[in-house]
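Asker: Curious how this folds, go ahead:
(one chain, ligands or ions: 1)
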Amino acid sequence: MTTLDNLFGTFLPELDDLPTVLRLGTRRSKLARTQSQWFADRLVTALGLVAPGREFRVELVEVVTPGDLSAAAGTPLTSLGGTGVFVSALRDAVLRGDCDFAVHSLKDLPNAGPEGLTLACVPPRECPADVLIGRDDLGFDELPPGSVIGTGSPRRAAQMRALRRDIEVVGIRGNVDTRIGKVTSGEVDAVVLALAGLRRIGRHAEATHVFTSEQMLPAPGQGALAVECSPSSVALLAALRLVDDRITRACVLAERALLARLEAGCAAPVGALATYEDETLTLTAFAGSIDGVTSIRRSATAPLGDPRPDEPDATTLGRALAGQMLDDGAALLIPVPDPLPAADEVVAREGDS
Ligand SMILES: NCc1[nH]cc(CCC(=O)O)c1CC(=O)O
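Answerer: Numbers count the residues shown, from 1 in each chain. Here you go, the predicted structure:
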């Protein structure tokens with residue numbers, strides 16, 4: 001893990017050209033604002049260590065996306081093309097120069113980035129686990145047979161059904177608060193969410209079960225953030241690089257490389273998690289049918305002594321594991337039609353695949 005203390009005394013001449021006020025584009029949601037502010041604070045701290053004489057500030061610039069507007073109007077997200085709408089509005093704001101950089105939830109980023117933007121920084125990852133929030137403090141194993149669990153994610157549905165065939169999964173959408181509200185209101189018995197998101201908005205204490213990585217593999221990149229800016233902003237790139245965590249970067253590169261290759265070969269929901277220990281990168285992945293009947297889970301490792309930002313070995317590991325899974329039958333995992341009957345409205349993946 002990168003500790004900011006290591007930066008003390010680092011001399012970066014590129015920073016001479018960095019403007020004192022940096023504009024960070026963010027969506028308006030509580031989660032987006034909190035994670036943008038978290039990153040802004042970390043960046044200012046890092047800059048304070050390497051350029052103590054100057055007082056940098058990060059200003060949050062709110063970007064209203066078509067996705068936010070339609071969510072308020074109740075339009076289903078599916079009709080807008082999924083989470084991509086949130087991401088592209090932010091990206092456009094950076095490309096137009098309305099802001100200097102943007103912070104995204106890495107798991108919501110489509111695999112291919114647009115021309116004119118670069119993945120400048122992957123800060124240290126939050127816990128990537130998924131959690132359950134159950135009614136009456138009930139954990140996943142304590143929910144009675146027939147319990148109804150809400151999630152918009154085929155990945156979460158497939159893995160929960162693989163664990164328990166006696167529960168029902170229904171599609172829900174909305175922001176984190178809305179989804180938790182469906183448990184409080186009794187519409188569903190439980191919902192599943194990313195622990196990282198709950199932590200960021202300070203509601204993690206409401207979790208009644210934390211899924212282990214044996215029970216449920218997260219979405220590739222879950223818990224990590226991605227910071228994008230123009231590759232021509234040399235001073236900004238140097239600044240953002242201060243907060244980059246090379247181990248998180250290597251892990252998410254492996255997970256995303258796997259996803260890219262699997263998505264091309266099979267339409268099944270995918271979970272993946274890479275961890276780094278003893279100079280070894282370990283990648284574990286799941287692909288399964290949404291009814292939980294068929295699934296495939298594989299693991300592979302690669303030595304990775306000194307993961308550098310664009311470490312090709314991580315990508316190679318992800319591609320190789322995906323190839324092995326396709327050879328072992330993942331290509332045959334085709335989702336059943338109309339997998340998640342909606343509790344209240346049209347099912348949307350909301351990006352938490
Ligand atoms: N798709 C929505 C989304 N995008 C990022 C997070 C928070 C977790 C993260 O940063 O990975 C969430 C909420 C969720 O999945 O519960």
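Asker: Kindly state the pLDDT recorded for whatever residue of the stretch 151-300 of the chain ends up closest to the ligand?
Answerer: Proximity of the stretch 151-300 of the chain to the ligand (C-beta to the nearest ligand atom) peaks at residue 197, 2.9 Å away. Every residue, glycine included, has its C-beta placed from N, CA and C. Residue 197 carries a pLDDT value of 96.
Asker: do the same with residue 306
Answerer: Here the pLDDT value assigned to residue 306 is 69.
Asker: Over to the one 10 residues further on?
Answerer: Among the per-residue scores, residue 316 holds a pLDDT of 95.
Asker: which SSE is the closest residue in space to it that isn't next to it in sequence in?
Answerer: The shortest distance from residue 316 to any non-neighbouring residue, by C-beta to C-beta, 6 or more residues apart in numbering, is to residue 302 (7.1 Å). Assessed by DSSP states H and E, residue 302 sits inside strand 295-303.
Asker: so how far is the helix or strand in which residue 158 is found off the chain centroid?
Answerer: Per DSSP H and E: residue 158 is located in helix 154-163. Here the centre of helix 154-163 is set off from its chain's centre by 18 Å, with C-alpha atoms, centre = their mean, to the nearest Å.
Asker: what's in contact with it?
Answerer: Applying C-beta atoms under 8 Å, 6 or more residues apart in numbering, the contact partners of helix 154-163 are 130, 140, 149, 151, 167, 169, 192, 211, 215-217, 219, 268-271, 286, 288-293, 295, 335, 339-340, 349, 352-353.
Asker: and what of stretch 233-240?
Answerer: Residues contacting stretch 233-240 (C-beta under 8 Å, 6+ apart): 12, 14-18, 22, 43, 46-47, 100-101, 118, 120-121, 227, 229-231.
Asker: If we use 6 Å, what do you get?
Answerer: Stretch 233-240 is contacted by residues 12, 14-15, 17-18, 100, 120-121, 227, 229 when judged by C-beta atoms under 6 Å, 6 or more residues apart in numbering.
Asker: With stretch 19-35 instead?
Answerer: 36, 40, 56-63, 68, 90, 93-94, 99-103, 175, 197, 200-201, 225.
Asker: can I see the domain layout of the protein?
Answerer: Residue ranges for the domains of the chain, per automatic domain parsing: 4-125+223-244, 130-210, 252-332.
Asker: what is the residue in the stretch 1-150 of the chain positioned nearest to the ligand paired to in the beta sheet?
Answerer: Proximity of the stretch 1-150 of the chain to the ligand (C-beta to the nearest ligand atom) peaks at residue 105, 3.4 Å away. On the basis of DSSP bridges, residue 105 is bridged to residue 225.
Asker: Quick one: neighbours of it, just the number.
Answerer: Residues lying near residue 105 (other C-beta atoms under 10 Å) number 26.
Asker: what comes up buried for the strand holding residue 302?
Answerer: Neighbour counts using 16 or more other C-beta atoms under 10 Å place 295-296, 298, 300, 302 of strand 295-303 among the buried residues.
Asker: same question, stretch 234-242
Answerer: 235-240, 242.
Asker: Centre of the chain to that stretch, how far?
Answerer: Centre-to-centre, stretch 234-242 and its host chain are 22 Å apart (C-alpha atoms, centre = their mean).
Asker: Check stretch 290-305 too.
Answerer: On C-alpha atoms, centre = their mean, the centre of stretch 290-305 falls 18 Å from that of its chain.
Asker: Distance across that stretch, terminal residue to terminal residue?
Answerer: End-to-end span of stretch 290-305 (C-alpha to C-alpha, to the nearest Å): 37 Å.
Asker: swap in stretch 155-170?
Answerer: With C-alpha to C-alpha, one end of stretch 155-170 sits 13 Å from the other.
Asker: Tell me the spacing between the residue positioned nearest the centre of the chain and residue 270.
Answerer: Centroid check for the chain by C-alpha atoms, centre = their mean gives residue 107 as the closest residue, at 2.7 Å. Residue 107 sits 11 Å away from residue 270, going by C-beta to C-beta, to the nearest Å.
Asker: Could you do residue 54 as well?
Answerer: Relative to residue 270, residue 54 is positioned 44 Å away (C-beta to C-beta).
Asker: same for whichever strand or helix holds residue 264, what does it pack against?
Answerer: Element membership for residue 264 (DSSP H and E) is helix 246-265. Judged by 3 or more C-beta pairs under 6 Å, 6 or more residues apart in numbering; DSSP states H and E, helix 246-265 is in contact with strand 270-277, helix 312-327.
Asker: the inter-axis angle of the shortest one versus strand 295-303?
Answerer: Between the axis of strand 270-277 and that of strand 295-303 there is an angle of 30 degrees, by axes from the mean of the first three to the mean of the last three C-alpha atoms, to 10 degrees.
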